[in-house]
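# Have a look at this prediction, sequence included:
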Amino acid sequence: MSKLIPLRLQPPRDQLLEKVKQEVQAGLAQSLHAAVLANLSQDSSPLGVNRCWDVEVKAGNRPSFRLPPKASMAKVFDRSGGKLVILGATGAGKTTTLLELARVLISRAQTDASLPVPVLFELGSWKAESGAIADWLIAQLLFKYGISPGVGKKWVAEQKLLPLLDGLDEVETHRQNICIQAINQFFESEFKPKHLVACSSFEAYKNCETRFRLQAAVLLKPLTETQIKNYLLEARSRELWYSIEREPELLKLAKVPLLLSMMALAYDDILIEAWKRITSAEEQRKYLLTAYIRHQITGQVKQYPRGKELRPEQIRHWLGWLARRMEQQGIQEFYLDRIPSSWLQTEEERRKYQFGVKLVGGLIWVILGLIATLVSGSIWGLIAGAVAAVISALLPGIPGIERFILHLVLWSKGYIPWDYKRFLDAATDRLLLQKTGDRRYRFIHDLLQKHFSEI
């Protein structure tokens, strides 16, 4: 029945569940693995129904064990009392695993109103000055989902949230240990959640002195050579397998699921012999990311008709600028309607922005005064409008005007295209970005964001 009611008229809990559900569905649908299935697999029963990597589970003092391929992460979640940490190398599939778990938990919460609402939070946005984790969660509910602080505080206090915390490795290195301590303190506070799941790269977590006080940990293992071979053969990428099967360094890259999917998608743009001659593992990875970008920016997308496609250098330039701004601000998600004025890079740009905001705001008051004068026949309307224009120059700008002028300045400097949403949606179709919500975007992976920031 709730599906027949507009989202804005549904109860806050149902609204939040639907928003998180859309976010999870988008994240899974826009994954590189899904693209491999759609573009390369011609089988009637496609590959990838089960995960292609092994998972090792460690619960309490019991010996670790390998999770059967068909066993879901939800089973581990249940057996650990809903307190779980997911570990793995960069690109190993941690976020995908978290999203798969979130999909099950959302389905349960929609069926049973007594269950807490699973919500995705990016730990990269946590700072030491954010305060207690409970306060940060409340602030993120408002910022990301529009949940009022009053409602957010009530839900946290009544244990109605199931925090899914992704990206400990995106927290500044010197603050990662403090972040774990803050999460552990959250577990010992009056707001102690019934369940919580955290994700981190194994390397970052290993280097922290503090450990999560959770019931179980799962470690996503690198792909084996057999798994790589099976994946590529099933994905009709036989030639790629034959090209790398006797290349230890390239096989090492292929053990990372993210990079293996990139190889399968971008194979036509990879010069294998040139790639083999690169001796540095870091440079080999950069070569792959460059080939992937080159492959993705040349295809046609629905946002731009044939003959009006953007040039590859434009796409690189605009995404490179966006990646650098996101890296500087330490964020993983980009909100189209919340571009901060701090992204202006020079004093000249800031002056133009401030002048434009005051000028347009003042003109609006003058125009309103002129309209009042024409309607009333009295000059006092125009005088009042002029006075209001002068006063408005001393007050904070109107948000809508500020956004428009900022957009105008950024466009005039060549940092963004005029129709920015159209471009971001096209970059999403090219699998360079993911659209995570209404006018919210992120790069397909942090590795790609960092690579673009260096262009």
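Okay, I see it. Numbers count the residues shown, from 1 in each chain.
# Skip ahead from the helix or strand of the chain with the lowest mean pLDDT and say which helix or strand is next.
For the chain, counting by mean pLDDT, DSSP states H and E, helix 380-392 ranks last in confidence among helices and strands (a mean of 48). Going down the chain from helix 380-392, the next helix or strand is helix 399-412, by DSSP states H and E.
# May I see the buried residues of that next one?
If you call a residue buried by 16 or more other C-beta atoms under 10 Å, then helix 399-412 has these buried ones: 401, 402, 403, 405, 406, 409, 410. (C-beta placed from N, C-alpha, C; glycine too.)
# List just the nearest of those residues to residue 257.
Closest to residue 257 out of the buried residues of helix 399-412 is residue 410 (35.6 Å), distances taken as C-beta to C-beta.
# so residue 285 touches residue 253, yeah?
Yes: here residue 285 reaches residue 253: they are 6.2 Å apart, a contact under C-beta atoms under 8 Å.
# joint contacts of the two?
residue 259 (C-beta atoms under 8 Å, 6 or more residues apart in numbering).
# Number of residues surrounding residue 125?
By other C-beta atoms under 10 Å, 20 other residues sit near residue 125.
# Give the closest residue to it in space, chain neighbours not counted.
Nearest in space to residue 125, with sequence neighbours left out and distances taken as C-beta to C-beta, 6 or more residues apart in numbering, is residue 331 at 6.3 Å.
# which residues sit in contact with the one you found?
Residue 331 touches 122, 124, 125, counting by C-beta under 8 Å, 6+ apart.
# phi, psi of the first one?
By that I understand residue 122. For residue 122, the backbone dihedrals (degrees, to the nearest 10) come out as phi -100, psi 110.
# now it, nearest residue through space, not along the chain?
residue 332 (5.1 Å).
# I'd assumed residue 326 was in contact with the one you found.
Yes: applying C-beta under 8 Å, one finds residue 332 in contact with residue 326, separated by 7.3 Å.
# Which stretches in the stretch 51-200 of the chain count as strands?
55-59, 65-66, 83-88, 117-122, 161-166, 196-201 (DSSP state E, counting those that start in this stretch).
# Can I get those in a markdown table including mean pLDDT and mean neighbour count?
Formatted as a markdown table, the strands of the stretch 51-200 of the chain follow (pLDDT from 0 to 100; neighbours: other C-beta atoms under 10 Å):
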| stretch | mean pLDDT | mean neighbour count |
| --- | --- | --- |
| strand 55-59 | 89 | 18 |
| strand 65-66 | 90 | 11 |
| strand 83-88 | 95 | 24 |
| strand 117-122 | 96 | 22 |
| strand 161-166 | 96 | 24 |
| strand 196-201 | 96 | 24 |
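# the more surrounded of residue 332 and residue 326?
residue 326 (23 against 17).
# Verify the stated contact: the more buried one with residue 335.
No: using C-beta under 8 Å, residue 326 makes no contact with residue 335, being 10.9 Å away.
# rewinding a little: of the buried residues of helix 399-412, closest to residue 115?
Out of the buried residues of helix 399-412, the member with the shortest distance to residue 115 (by C-beta to C-beta) is residue 403, at 38.1 Å.
# From residue 422, how far out is the closest residue to that closest one other than its chain neighbours?
With sequence-adjacent residues excluded and distances taken as C-beta to C-beta, 6+ apart, residue 403 is closest to residue 337, at 6.6 Å. Using C-beta to C-beta, to the nearest Å, we find residue 337 at a distance of 15 Å from residue 422.
# Name the residue in these two with the higher neighbour count.
Remark: of residue 337 and residue 422, residue 422 carries more neighbours, 14 against 11, as counted by other C-beta under 10 Å.
# That one and residue 297, how far apart?
15 Å.
# so how far is the host helix or strand of residue 251 from its chain's centroid?
Counting by DSSP H and E, the element that carries residue 251 is helix 248-254. How far helix 248-254 lies from its chain's middle: 27 Å, per C-alpha atoms, centre = their mean, to the nearest Å.
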